[in-house]
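1. what follows is a predicted protein model with its sequence.
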Amino acid sequence: FIHWGKECLHRFNGMFAIAIWDSQEQKLFAARDRFGVKPFYYSEAKNHLYFSSEIKALKNVIFDIPHNLKVWANYFSYGSYGMPNETFYEEIYQLPAGHCMEFSEGNLK
């Protein structure tokens, strides 16, 4: 990452979910492998970005999270929730497979 920046992802092979703090740019860079084998969940709450490989860790920080009824309905109707960035909770999202994100000064892109 120090040498290639975001382009380092083209050189990675295998399964991964990473988060790297770029101290020069003062931003967080996160990415997930192409097939989404390794999970990466995140939430913007209380003016902070929280992330984890498990939803239960985020639920310990963000209390009283409402259920995402649209996802639950799809799961019970079709056996899959089929939404690449949503989870069963409204304020908890997952980074889709093969995607990356940056968080800097309260802005997520």
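-> Yep, that arrived.

2. hey, where'd the strands end up in this structure?
-> Per DSSP state E, the chain carries strands over the ranges 17-22, 27-32, 41-45, 48-52, 93-94, 100-104, 107-108.

3. partner strands of the last one, with direction?
-> Using DSSP bridges, the strands paired with strand 107-108 are strand 100-104 (antiparallel).

4. which residues sit against the strand it pairs with?
-> Contacts to strand 100-104, defined as C-beta atoms under 8 Å, 6 or more residues apart in numbering, come from residues 6, 9, 25-32, 42, 49, 95, 108-109. To be clear about C-beta, it is placed using only N, CA and C from the backbone, and glycine gets the same treatment.

5. which of the residues you listed are buried?
-> Among these, those scoring as buried are Leu9, Leu28, Phe29, Ala30, Ala31, Arg32, Tyr42, Leu49, Leu95 (criterion: 16 or more other C-beta atoms under 10 Å).

6. determine which two of these are furthest apart.
-> Based on C-beta to C-beta, the longest span within the buried ones among the contacts of strand 100-104 runs between Leu9 and Leu49 and measures 19.7 Å.
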